[in-house]
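[1] What follows is a protein structure lacking sequence information:
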Ligand SMILES: [Zn+2]
Ligand SMILES: [Zn+2]
């Protein structure tokens, strides 16, 4: 009687283990490649952090949709076998030299859309010269500096245009130096 019970128990256990192994194999880690909102390929710069996970999106508006029911989106993603990336830890070392930094006492520089904590101005200058390099260095260690509002790239281009525009375009014929001295508004009619 006793041995028989043990046999059945062991058999059951073996079955359970096999089933478990099969399940584990099925849910092998798969990095996130698709937007949980649209199913399109994700881009590194669009993401949100939720419950210790970093969820990537295909465009900047997806986070808004995601945040309406984040748990549902995350659960669906995890159930499909995707291993969501972990949210990086806050920065605790100075990226160029590796010295410890403290958000309360260390100074910081803003570069590349991030606020890097630094040990010294010397390291700060290095980061400003190549923020991407030091951001990568921190990410390697599972850390990330705080984000700052991205500096819009537009103003530079607009300033360049503003300089060039008044000299070449009069707004009328497009040839004379200023609108007030423009000889005619008809662009095509003038040449005849
Ligand atoms: Zn999307
Ligand atoms: Zn340093």
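    Nice, I can see it. Note that the coordinates shown come from a computational prediction; the quantities given were computed from them, not determined experimentally. Ligands and ions are numbered 1, 2, ... in the order given.
[2] Show me what the helix or strand where residue 126 lies is packed against.
    Using DSSP states H and E, residue 126 sits within helix 121-129. Counting contacts by 3 or more C-beta pairs under 8 Å, 6 or more residues apart in numbering; DSSP states H and E, helix 121-129 is packed against strand 107-111, strand 114-118. The way it works is simple: take the backbone N, C-alpha and C, and place the C-beta from them, glycine included.
[3] Show me the domain layout of the protein.
    Using automatic domain parsing, the domains assigned to the chain come out as 30-86, 89-147.
[4] Of the ones you listed, flag the one that's most buried.
    domain 89-147 (a mean of 16; mean count of other C-beta atoms under 10 Å).
[5] For the closest residue to residue 38 other than its chain neighbours, give me the pLDDT.
    In space, and not counting its chain neighbours, residue 38 is closest to residue 58: 5.3 Å by C-beta to C-beta, 6 or more residues apart in numbering. Note for residue 58: predicted pLDDT of 97.
[6] pretty sure residue 58 is touching residue 36, no?
    No. Residue 58 is beyond contact range of residue 36, at 9.4 Å (criterion: C-beta atoms under 8 Å).
[7] Pull up the residues of this protein that are close to ligand 1.
    When proximity is defined as C-beta under 5 Å from the ion, the chain approaches ligand 1 at 35, 37, 38, 57, 58, 62.
[8] returning to that earlier point: now do the same contact list for the residue nearest to residue 38.
    Each residue near residue 58 by C-beta atoms under 8 Å, 6 or more residues apart in numbering is listed here: 34, 35, 37, 38, 40, 41, 42, 43, 46.
[9] What of residue 93?
    Going by C-beta under 8 Å, 6+ apart, residue 93 touches 99, 100, 101, 138, 141, 143.
[10] Which residues of this protein lie near ligand 2?
    Taking C-beta under 5 Å from the ion as the measure of proximity, the chain contacts ligand 2 at 94, 97, 99, 119, 123.
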